[in-house]
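Asker: below are the sequence and a predicted model for it; my questions follow.
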Amino acid sequence: MLGSAKAGDSKSWKVLIMDKVTVKVMSHSCKMADITDQGVSLVEDLFRRRQPLPSMDAIYFVQPSKENIVMFLSDMSGREPLYKKAYVFFSKPVPKEFVSHIKSDTSVLPRIGALREMNLEYFPIDSQAFVTDQETALDELFGNIQNTRRFDACLNLMATRMATVFASLKELPHVWYRAAKEIDESTPMACRDLVPTKLAAAVWNLISTYKSTIPNFPQTETCELLILDRSVDQIAPVIHEWTYDAMCHDLLDMDGNKYVHEVPSKVGGQPERKEILLEDHDPVWLELRHAHIADASERLHDKMTNFVSKNKAAQIQQSGRDGSELSTRDLQKMVQALPQYTEQVEKISLHVEIAGKINKIIREIGLRELGQLEQDLVFGDAGAKDVIGFLRTKQDANPENKLRLLMIYASVYPEKFEGDKATKLKQLARLSPDDMKVVNNMQLIGGSSAKKTSTGSFSLKFNAQKTKQAARKDRTGEEETWQLFRFYPLIEEIIENLSKGELSKNGYSCMNEPSPTTSGGSMRGGSQRGSQGASAPTTQSTAPHSMRSRRTANWARSRHSDDGYSSDSMLKHHASTDFKKMGKRIFVFIVGGATRSELRVCHKLTTKFRREVVLGTSSIEEPPQYITKLKLLSAEELSMGGLRI
């Protein structure tokens, strides 16, 4: 698109004009330097007053809306257009009447260099994840759904943006979705239950038209798409996830992927505040983001030690000490004092600081004990007595953490919140009625009932001897090497079942049912081998086995598994991953927000199955924002439109 206005070999500068949405798409996809490399010297907002540049070409990347078309035509019509030539690209399919309207303006027509649909109205947030950027979807689809106009508008926008993903990648999916349990639309609960069904129908409708309208679009299915909603797993958004990525977003005050830290001023005086993006271009982040926080801290210490041991000046400095082992903080100071303090070490140093902050918070708020209780609840090793004991002895615990514990408790033991039992728990936890409303609102998303068995991947009771309930089984064949690393989001089991063609027939349906011969086995290359090696949760043994040993205070032993995240395997993975040679892609879309743990699962299963697993969602949720959204659910007087949570 950006290279379309090239005149021969000469590098003539051009203007890029975008609207509110396409600016966001562009900023998620590339940096300013990438844009200027393509000869763009100026980026403009379509709705701002712009200076005429009649000697320059303009690239319009805009949504196909009536207002945008009117603005474009007023720019380029008449005797003195703003630009020499216009190359117009729309972010999604254009209605025919808009094209006719443009063509009917005879003064504009000769000035158009290109008029195309780019189908790029989605927002990549990771190499394998995108959002449709609908922060209020939870409220619009599961809150006060009497407002059918708002409900339909939200669903249609979601479908359109999802469809542009498949249009731009030229992929034709089998559209799977979580089937509704009630089809009678007259009740609000049934309407909420039908969200995946309605979205699947809307997406399939749009994609079907691509077969005849987009050149070279595949005519047979090339990938799998599975549409779920937040009801599939209400524990994942609130449990404390112990990976470096999740802890950064949960415990630190980050704005999206932006981390602000202070660096000592080079000229003395006040330290400088520096904004850092924790994203794919940072190799240290790429290596450590899915590692356990203890593992990440250990690896960072090793990196610092390696750097010091290779550096003569540092060795001399070290020999002056009493021979005791250096702390990571000492190593960091030492490295920063070196003359060849490089960009690479600056990166490591930054992550040492971040990991140090996280570990300090974990200690200060006693997060390990809470984390242990959360996971024990989920796996059926703890019950009411343990939760009550924790709330009694930890009266001064952070209210948000107590609320998160009760939300997990409500997901596993919904019956404990019936009648006045909830009031007693609220008093014990010293939570406000506003906070307890969050637990009640979980039911609006359909999470607090025994309906969960419909996923076909677990049952609420393992066997008759076990009195405690569990929302999840331990996964067989997966060695657990770090304490508190036992939890996994339910989409892990669901994606595995989809990959092997073993999705439960009661729980899931398909808009374009694949034939029995292609289902699950229709993969290219090595994907067939990958899927056969996966453990099937449905056939998992319920025989008692060790849940885990209580580990020593240092949490962990070092692990050297090729999980796709250790330094060497990460580099090898990036060097050798050619997705075209892998099996068919799997797309999983979660309506109402997805979590960092679910994103981690998609990366993990890509390595495991040799099939690229892509996560799509309306928004990425951190626990505090998710709780705020649940609090506002069904609060009819509180409109979330335009509210930045």
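Answerer: That came through, no problem. Residues are numbered from 1 along each chain as shown.
Asker: helices of the stretch 51-200 of the chain, residue ranges please.
Answerer: 66-76, 96-103, 137-142, 148-169, 188-193, 195-213 (DSSP state H, counting those that start in this stretch).
Asker: can I get the CA coordinates of the fifth one in CSV?
Answerer: Listed in CSV are the C-alpha atoms of helix 188-193, where the atom choice follows Å, rounded to 0.1, in the frame of the first residue of the first chain:
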residue,chain,number,x,y,z
PRO,A,188,-31.9,-12.4,28.2
MET,A,189,-29.8,-15.4,29.4
ALA,A,190,-30.5,-17.3,26.1
CYS,A,191,-29.6,-14.2,24.1
ARG,A,192,-26.2,-14.0,25.9
ASP,A,193,-25.8,-17.7,25.3
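Asker: report the distance from that helix to the chain centre.
Answerer: How far helix 188-193 lies from its chain's middle: 25 Å, per CA atoms, centre = their mean, to the nearest Å.
Asker: report the buried residues of that helix.
Answerer: C191, R192, D193 (16 or more other CB atoms under 10 Å). To be clear about C-beta, it is placed using only N, CA and C from the backbone, and glycine gets the same treatment.
Asker: which one of those residues sits closest to H28?
Answerer: R192 (29.3 Å; CB to CB).
Asker: ok, now which ones touch that closest one?
Answerer: L141, F142, I145, L444, I445, G446 (CB atoms under 8 Å, 6 or more residues apart in numbering).
Asker: what's the pLDDT at the residue nearest to V88 when sequence neighbours are not counted?
Answerer: Excluding the flanking residues, the one nearest V88 by CB to CB, 6 or more residues apart in numbering is Y60, at 4.5 Å. Predicted confidence (pLDDT) at Y60: the value is 95.
Asker: go ahead and confirm Y60 touches S91.
Answerer: No: when contacts are counted by CB atoms under 8 Å, Y60 is not listed as touching S91 (10.6 Å).
Asker: return stretch 25-38 as CSV; C-alpha atoms alone will do.
Answerer: Below are the C-alpha coordinates for stretch 25-38, written out as CSV (Å, rounded to 0.1, in the frame of the first residue of the first chain):
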residue,chain,number,x,y,z
VAL,A,25,-4.3,-0.1,12.8
MET,A,26,-1.1,1.4,11.4
SER,A,27,0.4,2.2,14.9
HIS,A,28,-0.3,-1.5,15.9
SER,A,29,1.4,-2.7,12.8
CYS,A,30,4.5,-0.6,12.2
LYS,A,31,6.7,2.2,13.5
MET,A,32,7.1,5.7,12.1
ALA,A,33,10.5,4.7,10.7
ASP,A,34,8.9,1.9,8.6
ILE,A,35,6.5,4.5,7.1
THR,A,36,9.2,7.1,6.3
ASP,A,37,11.3,4.3,4.7
GLN,A,38,8.5,4.0,2.1
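Asker: buried ones in that stretch?
Answerer: By neighbour count with 16+ other CB under 10 Å, stretch 25-38 contains the buried residues V25, M26, I35, Q38.
Asker: report the distance from that stretch to the chain centre.
Answerer: Mean C-alpha position of stretch 25-38 versus that of the full chain (CA atoms, centre = their mean) differs by 21 Å.
Asker: contacting residues around that stretch?
Answerer: Contacts of stretch 25-38 (CB under 8 Å, 6+ apart): 2-3, 16, 18, 43, 61, 91, 120-125.
Asker: about what we covered before: rebuild the buried residues of stretch 25-38 as CSV, extending it with distance to T243 and pLDDT.
Answerer: Below are the buried residues of stretch 25-38 laid out as CSV (distance: CB to CB, whole Å; pLDDT from 0 to 100):
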residue, distance to T243, pLDDT
V25, 28, 93
M26, 29, 92
I35, 33, 90
Q38, 36, 87
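Asker: what is the burial count for S411?
Answerer: 23 (other CB atoms under 10 Å).
Asker: that one is in contact with Q443, isn't it?
Answerer: No: taking contacts as CB under 8 Å, S411 lies outside contact range of Q443: 10.6 Å.
Asker: lowest-confidence helix or strand of this protein?
Answerer: None of the helices or strands of the chain scores lower by mean pLDDT, DSSP states H and E than helix 527-532, at a mean of 32.
Asker: hang on, the earlier thing: just flag the most distant two among the contacts of R192.
Answerer: I145 and G446, at 12.6 Å, using CB to CB across the contacts of R192.
Asker: which residues belonging to the helix or strand harbouring R363 are considered buried?
Answerer: Assigned by DSSP states H and E, R363 belongs to helix 343-364. Neighbour-count burial for helix 343-364 flags 345, 347-359, 362 (criterion: 16+ other CB under 10 Å).
Asker: right, and the helix or strand after it?
Answerer: helix 367-378.
Asker: summarise which helices and strands that following helix is packed against.
Answerer: Here helix 367-378 touches helix 384-393, helix 399-412, going by 3 or more CB pairs under 8 Å, 6 or more residues apart in numbering; DSSP states H and E.
Asker: tell me the angle it makes with helix 399-412.
Answerer: Between helix 367-378 and helix 399-412, the angle comes out at 10 degrees (axes from the mean of the first three to the mean of the last three CA atoms, to 10 degrees).
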